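Participant: Generate coordinates for the sequence data below:
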Amino acid sequence: MILFFGTRSGKTRSHSLPHTFCPYCEQQGTLTVYKTSNWFHIFWIRIFKISTNMMAECSHCKRGFHKEEFSEDMSQQLIQIESQAK
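Facilitator: Here you go, the predicted structure:
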């Protein structure tokens, strides 16, 4: 019997943060957060989530921020957006 298993990244979801200022260039409403999850799969069917990666990018200065670099304001607004989406 052949068993196909492995890991694969899921779809990347993006959320705009319209009321948040970029910590680098201080422009308001230019931040977009990208969230990607990695999944374990058997026969290309997702079984469970392994990890989640988040990154924000400013469309004005093109600066990227890893999750550890998110400001308190960025984190709070992201929590609000995700709670509204559920």
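
Participant: Tell me the secondary structure at the residue nearest the centre of the chain.
Facilitator: Nearest to the mean C-alpha position of the chain, counting by C-alpha atoms, centre = their mean, stands K35 at 1.9 Å. Following DSSP: H, G, I helix; E, B strand; the rest coil, K35 is assigned to strand.

Participant: Now do the contacts for it.
Facilitator: Shown in contact with K35 (C-beta atoms under 8 Å, 6 or more residues apart in numbering): T12, R13, S14, H15, T52, N53, M54. The C-beta positions use only the backbone N, C-alpha and C, and glycine is treated the same way.

Participant: Any stretches of this protein with poor pLDDT?
Facilitator: For the chain, residues meeting the criterion pLDDT under 70 lie at 85-86.

Participant: For it, which segments count as strands?
Facilitator: 5-9, 13-17, 31-42, 45-58, 64-66 (DSSP state E).

Participant: what pairs with the longest one, and is each one parallel or antiparallel?
Facilitator: Spelled out, that is strand 45-58. Next to strand 45-58 in the sheet, as set by DSSP bridges, lie strand 31-42 (antiparallel), strand 64-66 (antiparallel).

Participant: How about the first one?
Facilitator: Strand pairing for strand 5-9, determined by DSSP bridges: strand 31-42 (antiparallel).

Participant: orientation of the partner strand relative to strand 13-17 in degrees?
Facilitator: Relative orientation of strand 31-42 versus strand 13-17 (axes from the mean of the first three to the mean of the last three C-alpha atoms, to 10 degrees): 160 degrees.

Participant: Surely M54 is in contact with T32?
Facilitator: No: counting by C-beta atoms under 8 Å, M54 does not reach T32; the two are 11.3 Å apart.

Participant: quick one: which of the two has more around it?
Facilitator: Remark: of M54 and T32, M54 carries more neighbours, 18 against 14, as counted by other C-beta atoms under 10 Å.

Participant: if I look at that one, how far off is F70?
Facilitator: From M54 over to F70 the distance is 8 Å, taken as C-beta to C-beta, to the nearest Å.

Participant: Repeat that for C58.
Facilitator: Counting by C-beta to C-beta - C58 and F70 are separated by 12 Å.
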